[in-house]
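K.L.:
Predicted model, plus sequence, below.
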Amino acid sequence: MRKMIDIEFGSSRYNELVELRYKILLQPLGLKFLDSFRPEEARYLHIGCVEMLDNKLVGGLILAPIDDDTIRLMQVAVDTIYQGEGIGRELVKYAEKRAKEAGYTKIVMHAMLFVVDFYEKMGYHAEGDVFEEQGITFLKMVKNL
């Protein structure tokens, strides 16, 4: 059994989330987590998925405010052992709920091309053209809440 949780910036759980994001998203691309981004992350909403049996963080993501109406979904990461079990979908649904509760009306994201279908099935639509950041190809996706 798993539960979705809000993670406090700077907590030990936050540090676990940073490690998970690095292991799943950055390390395979040869990128580093830059500590210079930590102060910026203080204003983000950090969400995790915890395996209740052993209290292990198995997934997480970030919601970063853009303006009063729009929040950006970023760095959705699920531990490789748990991928394919629906955790990513649960995380995104919980993030949408939390964003709506916080008064946001729109979520945007930069989705890597191989996950575009996943987000389309969750009601997101592509906006604009494919673009590249740090050698990675993305498509901007949007969902109104």
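P.N.:
Right, received. Where do you want to start? This structure is a prediction, so every number in the text was calculated from the model and none was measured.

K.L.:
residues contacting residue 9?
P.N.:
Contacts for residue 9 (C-beta atoms under 8 Å, 6 or more residues apart in numbering) come out as 41, 42, 44, 46. In short, each C-beta sits where N, CA and C put it, glycine included.

K.L.:
For burial, what's the neighbour tally of the third one?
P.N.:
So the one you mean is residue 44. 19 (other C-beta atoms under 10 Å).

K.L.:
Residue 51 versus that one, what's the distance?
P.N.:
Plainly put, residue 44 is 23 Å away from residue 51 if you go by C-beta to C-beta, to the nearest Å.

K.L.:
follow-up on the earlier one: can you add distance to residue 90 and give the contacts of residue 9 back as CSV?
P.N.:
What follows is these, written out as CSV (distance: C-beta to C-beta, whole Å):
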residue, distance to residue 90
41, 22
42, 25
44, 19
46, 16
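
K.L.:
which residues touch stretch 14-22?
P.N.:
7, 8, 32, 33, 46, 48, 57, 59, 60, 75, 77, 79.

K.L.:
now for those, which pair is the farthest apart?
P.N.:
8 and 32 (23.9 Å; C-beta to C-beta).

K.L.:
what's the residue lying farthest from the centre of the chain in contact with, if anything?
P.N.:
The C-alpha centroid of the chain is most remote from residue 53, which lies 23.2 Å away (C-alpha atoms, centre = their mean). Neighbour list for residue 53: residue 1 [criterion: C-beta under 8 Å, 6+ apart].

K.L.:
where exactly do the helices run in this protein?
P.N.:
Assigned by DSSP state H, the helices in the chain fall at 12-21, 38-41, 87-101, 116-121.
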